[in-house]
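Enquirer: Quick check, what structure comes out for this input:
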Amino acid sequence: MENQQNNYALIIGVGGPKIEYTVNDAKKLRDNLINKDLVGYPEDNVIVLTEKEATKDGILAKFDELREKTNKDSTILLYYSGHGGRDAEKNKYYLYPHDEQKLNADDLRDKINALPSNKLVLFLDCCHAEGLVQSGISGLYGMAQKLNDEQGIWVLASCQDNQESYGPVTEVPEEKNSFFTEALLEVLSGKHKRPFTDPAISIMDVVEYIFEVVPERAGEYWIAEDQPCVQTPYFKTQMSENLILSYFPKNAEDHEAIIRELEPKAEELDEENFIKLVKSMEAVGRVDEAIKTLKGNKRTKSDSDLMEALGDLYRNKYLISKVQKDGDDALAFHLEAYELAIETEDEEQVFTNAVKIAFMYAKLDQNKRVMREYALKAYEAAQNYFYPSVTKFVTMAEANIYLGNIEEAKKHYQEVADKAGIRYRMKCFDRAQIVYNTLFKPENEKDEFIVFLEETLLT
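Expert: Now for the predicted structure:
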């Protein structure tokens, strides 16, 4: 991977008694970021502060240096591994740098807001980390005023506001990493669990892996005989853009291997493996060939799942190309898939395609009355669906946006948030925001419904 010349990082590892490993956290992350086979940040763009350099004044000065080096198009990664504290009575949260002078959340917020970048990632590996986000750093929402609709800030904290952040139990802690940073390093190095076959590692890959691994590893230890170790990470973002943090050309080879294995026998594959083949073709950029493969399969014309997959390919292509014909084709194939689903009594396909038809009517600025008709069909079919799947609730939520029932939409998005993982919630947010902005064109940058979606689906 070529160096990403406009990517910058400020990495802080406080060090000191009982948290010697925080220095190793910082150094290992730096090595990972400047590795040209992984993340590929230019060496000069990565600032590292450890131990005696990681004082309050030293940290604040490096924020100023970072501000001078970067611009609005820069991607900035901020990382802190060290002590965190709180004043429960005042509901105040602090970082404690190496000189133990309090660095409060307000100071940190002001320094972050002063950075010109539109893309910021903040990793906090310290005790009470969520509290720093929810109190002082919550002021980062003011930053939204200077961000455009395609960029934002992502914050991943190692634990909840009432928890501690743990490191290794070992006689040589300086050679180990905290549970949080260990997981972060693994996912950025491509050592995370399958199935991840894309050539890129995104912020959501990081979030998913850390949310799975950190509680597991913490749970293997006991603070006291009757007190298990509990550590639950926290994530908050303003934007649904899935920022790419690392890159693995080898993972693209997995898609190529799937294609080599399955493409020669495409006509004989069962539905699951045929769709797997098509998705791998799309993943490596062979979208037109994937479309041709679907169109050429004799089962597609009578199978609503395959017809829906064809509509999805054209929809994804349209959202990138903005070419009218791609959008028209997406609408046509989803209409066909819907009719097939009615004919074959495929209940789930009825409502998934009906809501996608409404989406295409909205995006193509076509008949709004027909759009609402399909939204109502989607809502009723989903409501009558026997199984309480996430797909059911997200369809009911989105359908209510088309129908103008925003309070009802909120209710169902809350159900989605309660049942779905962060990656799926992010996709739901993206669709909901597109639909709402397309239909209602809110002028307020912090529209009440968009704020609700952010708080509900992106936290």
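Enquirer: From now on I want contacts and neighbour counts done on CA atoms only, so please keep to that.
Expert: OK.
Enquirer: For this structure, give me the ranges with low pLDDT.
Expert: Within the chain, the segments meeting pLDDT under 70 span 1-3, 135-151, 168-175, 192-199, 238-242, 247-254, 445.
Enquirer: Let's check: the centremost residue of it is which one?
Expert: Geometric centre of the chain, nearest residue: Met204, 3.4 Å, by C-alpha atoms, centre = their mean.
Enquirer: helices or strands next to the helix or strand containing that residue in the packing?
Expert: Element membership for Met204 (DSSP states H and E) is helix 203-218. Contacts defined by 3 or more C-alpha pairs under 8 Å, 6 or more residues apart in numbering; DSSP states H and E place helix 203-218 against helix 179-188, helix 422-440.
Enquirer: Packing partners of the longest one?
Expert: Just to be clear, that refers to helix 422-440. Packed next to helix 422-440, using 3+ C-alpha pairs under 8 Å, 6+ apart, are helix 203-218, helix 347-363, helix 390-402, helix 448-457.
Enquirer: Please spell out which residues along stretch 264-273 are buried.
Expert: 266-267, 271 (16 or more other C-alpha atoms under 10 Å).
Enquirer: hang on, the earlier thing: using TSV, please lay out the helices and strands packed on helix 422-440 together with distance to Leu49.
Expert: Below are the helices and strands packed on helix 422-440 laid out as TSV (distance: least, C-alpha to C-alpha, whole Å):
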stretch	distance to Leu49
helix 203-218	23
helix 347-363	48
helix 390-402	44
helix 448-457	33
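Enquirer: if we can go back for a sec, export the buried residues of stretch 264-273 as JSON lines, with columns for secondary structure.
Expert: What follows is the buried residues of stretch 264-273, written out as JSON lines (DSSP: H, G, I helix; E, B strand; the rest coil):
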{"residue": "Ala266", "secondary structure": "helix"}
{"residue": "Glu267", "secondary structure": "helix"}
{"residue": "Glu271", "secondary structure": "helix"}
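Enquirer: and those as a markdown table, adding distance to Lys322?
Expert: Below are these laid out as a markdown table (distance: C-alpha to C-alpha, whole Å):
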| residue | distance to Lys322 |
| --- | --- |
| Ala266 | 30 |
| Glu267 | 32 |
| Glu271 | 30 |
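Enquirer: Please tell me how far the closest residue to Arg423 other than its chain neighbours sits from Glu186.
Expert: With sequence-adjacent residues excluded and distances taken as C-alpha to C-alpha, 6 or more residues apart in numbering, Arg423 is closest to Met204, at 6.2 Å. The gap separating Met204 from Glu186 is 14 Å, by C-alpha to C-alpha, to the nearest Å.
Enquirer: likewise Asp110?
Expert: 31 Å.
Enquirer: Check Tyr318 too.
Expert: For Tyr318, the distance to Glu186 (C-alpha to C-alpha) stands at 35 Å.
Enquirer: Show me which of the two is the more surrounded one.
Expert: A direct count of neighbours by other C-alpha atoms under 10 Å for Tyr318 and Glu186 places Tyr318 higher, at 20 against 16.
Enquirer: Quickly find the element holding Trp154.
Expert: Using DSSP H and E, the element containing Trp154 is strand 153-157.
Enquirer: who are the neighbours of that strand, in terms of helices and strands?
Expert: strand 119-125, helix 129-134, strand 234-237.
Enquirer: possible to save these as JSON lines with distance to Glu256?
Expert: Converted to JSON lines, the helices and strands packed on strand 153-157 look like this (distance: least, C-alpha to C-alpha, whole Å):
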{"stretch": "strand 119-125", "distance to Glu256": "31"}
{"stretch": "helix 129-134", "distance to Glu256": "41"}
{"stretch": "strand 234-237", "distance to Glu256": "33"}
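Enquirer: Of those, flag the one that's most buried.
Expert: Counting by mean count of other C-alpha atoms under 10 Å, helix 129-134 has the highest mean neighbour count of those, with a mean of 25.
Enquirer: which strands and helices sit next to that helix?
Expert: By 3+ C-alpha pairs under 8 Å, 6+ apart, helix 129-134 packs against strand 92-96, strand 153-157.
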